[in-house]
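Trainee: I would like to see how this sequence folds:
(2 chains)
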Amino acid sequence: GAGVSQSPSNKVTEKGKDVELRCDPISGHTALYWYRQSLGQGLEFLIYFQGNSAPDKSGLPSDRFSAERTGGSVSTLTIQRTQQEDSAVYLCASSSSSARDGYTFGSGTRLTVV
Amino acid sequence: GESVGLHLPTLSVQEGDNSIINCAYSNSASDYFIWYKQESGKGPQFIIDIRSNMDKRQGQRVTVLLNKTVKHLSLQIAATQPGDSAVYFCAEKVSGGNKLVFGAGTILRVKS
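Mentor: Predicted coordinates for the structure are as follows:
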């Protein structure tokens, strides 16, 4: 597609439920990133995928968070047993190589845990 | 993850004036820097980037300056327009690393 697409754009879930957030990167981009942005704050790195290499999961805040990338394209971020502190905007970005040409971000998924 | 502050600094400028947004980056091993603009409800939008072998780069109405000695990055916007109102983030990438580390952001408000 023309840009990075994320779905849903908004998600309200009850505490304790699992949620899945989806990211469709720009076609041909080999690198994909997930970031989290809490209200009024900067972007916190979560996870990075590059081609067939093992993902860099160093930013995942707990074992309730996981992500996968199927076929080197679409990625899903899963949050299990959601907590209120998980409420944030989850942003996905892709690039054609490892952070050398500026990442292109999607519009994000706003997650609200009630 | 990296921690950031709850209250973003705000820069208010008059329409037509020049704006300078500053950023102190954290890692002397960083070799690539990007400025992003984020409008309400949208993802960050790439503005301009610079590599560590340069100290200045110009784009359309924007200039980025890099001072590696004091680990300082600035974004200059010429003839600021109302459409420039947004939150601006600097980001750095460590040489050989995979991820961009973002600063806390600065709110730019343009007064007409």
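Trainee: skipping adjacent residues, who's closest to residue 48 in space?
Mentor: Unless you meant another one, I'm taking chain A. Nearest residue to A:Y48 in three dimensions, chain neighbours excluded: A:D56, at 4.2 Å (CB to CB, 6 or more residues apart in numbering or on different chains). Where C-beta positions appear, they are placed from N, C-alpha and C, glycine not excepted.
Trainee: oops, I was thinking of chain B
Mentor: Using CB to CB, 6+ apart and skipping the chain neighbours, the partner closest in space to B:I48 is B:G59 (4.6 Å).
Trainee: next one: that neighbour from chain A, what distance?
Mentor: B:G59 sits 12 Å away from chain A, going by CB to the nearest CB, to the nearest Å.
Trainee: pull the number of nearby residues for A:V74.
Mentor: The number of residues packed near A:V74 is 14, by other CB atoms under 10 Å in any protein chain shown.
Trainee: what sits against it?
Mentor: The contact partners of A:V74, by CB atoms under 8 Å, 6 or more residues apart in numbering or on different chains, come to A:R22, A:C23, A:D24, A:P25.
Trainee: out of those, which comes closest to A:T112?
Mentor: The closest of the contacts of A:V74 to A:T112 turns out to be A:R22 (CB to CB; 17.2 Å).
Trainee: with adjacent residues omitted, what lies nearest to the closest one?
Mentor: Leaving aside its sequence neighbours, A:R22 sits nearest to A:S7 (CB to CB, 6+ apart; 4.9 Å).
Trainee: which parts of chain A are strands?
Mentor: Using DSSP state E, the strands of chain A run over A:5-7, A:10-13, A:19-24, A:31-37, A:43-50, A:65-69, A:75-79, A:88-95, A:104-105, A:109-113.
Trainee: would you mind telling me which of those is nearest B:F46?
Mentor: strand A:104-105 (7.0 Å).
Trainee: quick one: residues in contact with the closest one.
Mentor: Contacts of strand A:104-105 (CB under 8 Å, 6+ apart): A:3-4, A:26, A:29, A:91-95, B:36, B:43-46.
Trainee: of these, closest to B:F89?
Mentor: B:Y36 (4.6 Å).
Trainee: hey, what's the closest one bridged with?
Mentor: Here B:Y36 sits in beta bridges with B:F46, B:F89, going by DSSP bridges.
Trainee: dig out what A:Y33 forms beta bridges with.
Mentor: For A:Y33, the beta-bridge partners are A:Y48, A:A93 (DSSP bridges).
Trainee: residues contacting it?
Mentor: A:Y33 touches A:F45, A:L46, A:I47, A:Y48, A:F49, A:C92, A:A93, A:S94, A:S95, A:Y103, B:K99, B:L100, counting by CB under 8 Å, 6+ apart.
Trainee: farthest-separated two in those?
Mentor: The largest separation in the contacts of A:Y33, counting by CB to CB, is between A:L46 and A:S95 at 15.6 Å.
Trainee: in stretch A:14-29, what's buried?
Mentor: A:V19, A:L21, A:C23, A:D24, A:P25, A:I26, A:H29 (16 or more other CB atoms under 10 Å in any protein chain shown).
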